[in-house]
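Chemist: Below is the sequence, then the predicted model.
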Amino acid sequence: MTDIFVRSSGRVPFQSVNQDIRGTTRIIEQPVLPFPVRRVYVIQDVRDPTLVRGNHAHRLNDQVIFIVRGSMTLTLDDGERSQELALSAGEDGIRLMPYLWHSMKNFTPDCIAVVLASHPYDPKDYISDYDVFKNHVRSL
């Protein structure tokens, strides 16, 4: 498991139970989950392996991304350092706090990512210009 060294991120562990012939139940709940969930969304069916998703940061929204099937690469950038993480199904979730630029790529055809978010969708919360993001981070 790769250490995360960028700011505004970290691992959010799953708890596994029932690892027997009936299968495995993976649980994430309070107090391990660092915020109340206000939105859940799923990313799947990314058919073009060269496609890059994300490429933004949030002003308020705090998120945790889990891969429940397949794999992908998550790039994190805190404005000073950048890090790539290869994520696969069954691993801990990765926290994406506000003012953390993130992008996703190298989706396997079967990849399913589940994202838990602290806020409902709000287009005004997105910072989609990297230079604007860098200016915000410098002023914090």
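Modeler: It's in. Numbering: from 1, shown residues only.
Chemist: is it true that residue 71 touches residue 91?
Modeler: No. Taking contacts as CB atoms under 8 Å, residue 71 lies outside contact range of residue 91: 9.2 Å. The way it works is simple: take the backbone N, C-alpha and C, and place the C-beta from them, glycine included.
Chemist: What strands line up against the lowest-mean-pLDDT helix or strand in the chain, and which way round?
Modeler: Ranked by mean pLDDT, DSSP states H and E, the weakest helix or strand in the chain is strand 15-20, scoring a mean of 78. Paired with strand 15-20 in the same sheet, following DSSP bridges, are strand 23-27 (antiparallel).
Chemist: before we move on, back to that, now the least confident helix or strand of the chain, how far from the centre of its chain.
Modeler: 23 Å (CA atoms, centre = their mean, to the nearest Å).
Chemist: And for stretch 9-16?
Modeler: From the chain centre to the centre of stretch 9-16 is a distance of 11 Å (CA atoms, centre = their mean).
Chemist: Using CSV, list the CA coordinates for that stretch.
Modeler: Extracted C-alpha coordinates of stretch 9-16, given in CSV (Å, rounded to 0.1, in the frame of the first residue of the first chain):
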residue,chain,number,x,y,z
SER,A,9,-5.8,13.5,1.4
GLY,A,10,-5.5,10.2,3.2
ARG,A,11,-6.8,6.7,3.4
VAL,A,12,-10.3,5.8,4.7
PRO,A,13,-10.4,2.1,5.6
PHE,A,14,-13.1,-0.4,4.9
GLN,A,15,-14.0,-2.9,7.6
SER,A,16,-14.4,-6.4,6.2
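Chemist: Give me the contacts around that stretch.
Modeler: 1, 4, 24-29, 32-34, 64, 66, 76, 78, 90, 92-97, 100 (CB atoms under 8 Å, 6 or more residues apart in numbering).
Chemist: Then stretch 107-117?
Modeler: Residues outside stretch 107-117 that contact it (CB under 8 Å, 6+ apart) are 28, 33, 37-44, 46-47, 49, 51, 53, 61-72, 87, 89, 93, 104.
Chemist: still on that earlier bit, just the contacts of stretch 9-16: which are in strands?
Modeler: Among those, DSSP state E puts 24, 25, 26, 27, 64, 66, 76, 93, 94, 95, 96 in strands.
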